[in-house]
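**Q** this one's sequence-less:
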């Protein structure tokens, strides 16, 4: 899922996202709550309509930004008090409030409000944090179920509404991860995310936590690893059974001139590309690689031109979405072979 | 002509320009000379290939930027010494050098090197400045004619090469404008520009200078007014017989949130648009007006999102190009009516 923090996948128009085959994008509840405000978006019919994205949308719970962008936050069992990074104003998020905001935004998928445990965290701290996450998951789901009719586009005739995913925390302790997964599955969410990863831990630990958590999450519901990753990571996790991932990496790296290609990473700022007339990735058939040279992309970057972020982001998203398409095709082929052999 | 200062119409991808119906864009010799450098662009086959724009291109002479971006320039009969706004390095532009740079860039249309007379300028100063412009026009054209084979894409078989336009200066003195026009026409350029306008003078003066100069420029060659203007201006000038205009206004205003619409100017930053779900211009069928609301464009601007500049620029360019299309259709209809009545 490309990340559309403030209601836009940075520098990429919606019709381009469609042409790249993006089927779902993510919006950040924290950012949209602060600006333009969830009530304004509710009055305008929800996020799909506001940003003109008639495809799937997911909103996070706001928890991750509350924890990562706020040094002065205050956490109680009830919720989290934090200050806006925009104007310093004070705000209080509870699980109920996060869900209310997400219902107003009206994405297809809401996320339970959780505490993203920092890394490193000792066992005692992780257990305390997990206690909150599990209690907040229960409250999130109860509040969600009691208010599904409140989504701006609710239609009682077709019974179509949002769905809500739980988030497995538990730091780097596999038994806590399992305990959390089992508790959430008892609550019967519509899907399950594995959160609290890619927060600074070595990659082997990320992999271990995913591998040890997946078996406790039902295969017939979406399994989503939050905030990953590099191209080889997302391929690896998808092959392990992960259905969804989101990451700012393809777009953020693009804005800094880092392109992902079939030949590895390419820093387009490097002088060696000054007169390189090859496409960014000779094996890629995206609209950027079909039309522009490395030399031109380097020039745009050196000249601080807005088109630089746009073209780099389009290529990186095309590369990421291409990986996922190939993985899906390959998994489908494998499963059809299995069916035939059985 | 949309302006592509540094080899990009700011924030707008080339395929979008094509879909908007842009047939020619302008590149700035001064900027491209400094970065990435005209020799690099020559080695890569010229500007068309470098920026992937297989349509018409025009380069200015560099003179306007040398005069407007350099307070410490030194002008002699031979040329102008100036410092780069990028790194302070010293450079010397003569008519011959400007033409050499423009041949290396390889646009379809080159411009003679001129001195853009400042406003206000008294008669003596204007005469002195005009003396330079006329001498430099002669030198520009002679050097251009002697070096047409040097364009990167020169093909002796088809005899296809660049063409070169002269620039009428003369400040706000109609007799000097006429004198300059007549001298340039004697030299037999491929087209003629009226420069030194829109430099701070009242609009009635701009109009007067254009009206008093046009009759002395041949009707069967392109007549180009440089650096104008607002939507109603370009329509007015086109109806007076001006064939070409360029202006940064549609794209620069767009980046500052100023949209041109059939209902007048609209400052998208205004709070009144915060929940306005109408398209920027209800009478416009551009890709922005068909998909996005004022509220969304305002949000992008308030959030300093890159997509803001892109979408605003696309709409303003669509609006400008739409005006020119309507003027052309209307002039064609008028001339066909004339033919019929005669």
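**A** It's in. Everything quoted here is computed from the prediction, not taken from an experiment. Numbering: from 1, shown residues only, chains lettered A, B, ... in the order given.
**Q** what's the span of stretch A:179-199 from first residue to last?
**A** In stretch A:179-199, first residue to last residue: 21 Å (Cα to Cα, to the nearest Å).
**Q** gap between that stretch and the chain center?
**A** Centre-to-centre, stretch A:179-199 and its host chain are 15 Å apart (Cα atoms, centre = their mean, to the nearest Å).
**Q** same question, stretch A:103-116
**A** For stretch A:103-116, the distance to the chain centre is 12 Å (Cα atoms, centre = their mean).
**Q** Check stretch A:168-180 too.
**A** 20 Å.
**Q** Please enumerate residues in contact with it?
**A** A:114-117, A:119-121, A:123, A:125-127, A:129-130, A:133-134, A:181, A:184, A:192-196, A:201, A:205, A:208-209, A:212-213, A:216-217 (Cβ atoms under 8 Å, 6 or more residues apart in numbering or on different chains). Yep, even glycine has a C-beta here, placed from its N, CA and C like the rest.
**Q** Now that stretch: average pLDDT?
**A** Average pLDDT, stretch A:168-180: 98.
**Q** buried ones in that stretch?
**A** A:168-173, A:176-180 (16 or more other Cβ atoms under 10 Å in any protein chain shown).
**Q** that older thread, mind listing which of the contacts of stretch A:168-180 are in strands?
**A** Of the contacts of stretch A:168-180, the ones assigned to strands by DSSP state E are A:192-194.
**Q** how about the residue of the stretch 1-150 of chain A found nearest chain B, what does it touch?
**A** Closest residue of the stretch 1-150 of chain A to chain B, Cβ to the nearest Cβ: residue A:11 (3.9 Å). For residue A:11, the contact set (Cβ under 8 Å, 6+ apart) comprises A:251, A:254-255, A:306, A:309-310, A:313, B:305-307, B:310.
**Q** what residue ranges in chain A score low on pLDDT?
**A** Scanning chain A for pLDDT under 70 picks out A:159, A:342.
**Q** residues from it in reach of chain B?
**A** Residues of chain A lying close to chain B (Cβ under 8 Å from any Cβ of the partner chain) are A:6-8, A:10-15, A:35-36, A:40, A:43-45, A:49-52, A:274-275, A:277, A:287, A:291-293, A:295-296, A:299-300, A:302-303, A:305-307, A:309-311.
**Q** just the contacts of residue A:11 now: which is nearest residue B:153?
**A** Residue B:153 lies nearest to residue A:310 out of the contacts of residue A:11, by Cβ to Cβ, at 27.6 Å.
**Q** residues contacting residue A:237?
**A** By Cβ under 8 Å, 6+ apart, the contact list for residue A:237 reads A:210, A:225, A:228-229, A:245.
**Q** Let's have the buried residues of stretch A:168-180 in TSV, adding distance to residue B:107.
**A** Output for the buried residues of stretch A:168-180, formatted as TSV (distance: Cβ to Cβ, whole Å):
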residue	distance to residue B:107
A:168	59
A:169	59
A:170	62
A:171	61
A:172	60
A:173	65
A:176	65
A:177	62
A:178	66
A:179	68
A:180	63
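**Q** partners of residue A:109 in the sheet?
**A** Residue A:109 forms beta bridges with residue A:58, residue A:163, as assigned by DSSP bridges.
**Q** Narrow the residues of chain A next to chain B to those that are buried.
**A** For these, a burial check counting by 16+ other Cβ under 10 Å picks out A:6-8, A:10-14, A:36, A:40, A:44, A:49-51, A:275, A:287, A:291-293, A:295-296, A:299-300, A:302-303, A:305-307, A:309-311.
**Q** In helices only, show me the residues you listed.
**A** In helices, judged by DSSP state H, the following of these are found: A:14, A:40, A:49-51, A:287, A:291, A:295-296, A:299-300, A:302, A:306-307, A:309-311.
**Q** What are the phi and psi values at residue A:187?
**A** Residue A:187 adopts backbone torsions of phi -70, psi -20, taken as degrees, to the nearest 10.
**Q** what ranges do the helices span in the stretch 201-342 of chain A?
**A** Secondary structure of the stretch 201-342 of chain A, counting by DSSP state H, counting those that start in this stretch: helices at A:203-213, A:231-240, A:249-255, A:287-291, A:294-302, A:306-341.
**Q** Return the set of buried residues in the longest one.
**A** Read that as helix A:306-341. Using 16+ other Cβ under 10 Å as the test for burial, helix A:306-341 gives A:306-324, A:327.
**Q** can you tell me how far the residue most central in space within chain A sits from chain B?
**A** Chain A has residue A:246 as the residue nearest its centroid, 3.0 Å off, counting by Cα atoms, centre = their mean. Distance of residue A:246 to chain B, given as Cβ to the nearest Cβ, to the nearest Å: 18 Å.
**Q** Might you report the residue contacts of the residue nearest to residue A:206 when sequence neighbours are not counted?
**A** Nearest non-adjacent residue to residue A:206, counting by Cβ to Cβ, 6 or more residues apart in numbering or on different chains: residue A:197, 4.9 Å away. For residue A:197, the contacting residues are A:206, A:209-210, A:225-228, by Cβ under 8 Å, 6+ apart.
**Q** make it 10 Å
**A** With contact set as Cβ atoms under 10 Å, 6 or more residues apart in numbering or on different chains, residue A:197 has these partners: A:116, A:119, A:168-169, A:171-172, A:177, A:203, A:205-207, A:209-210, A:213, A:225-229, A:237.
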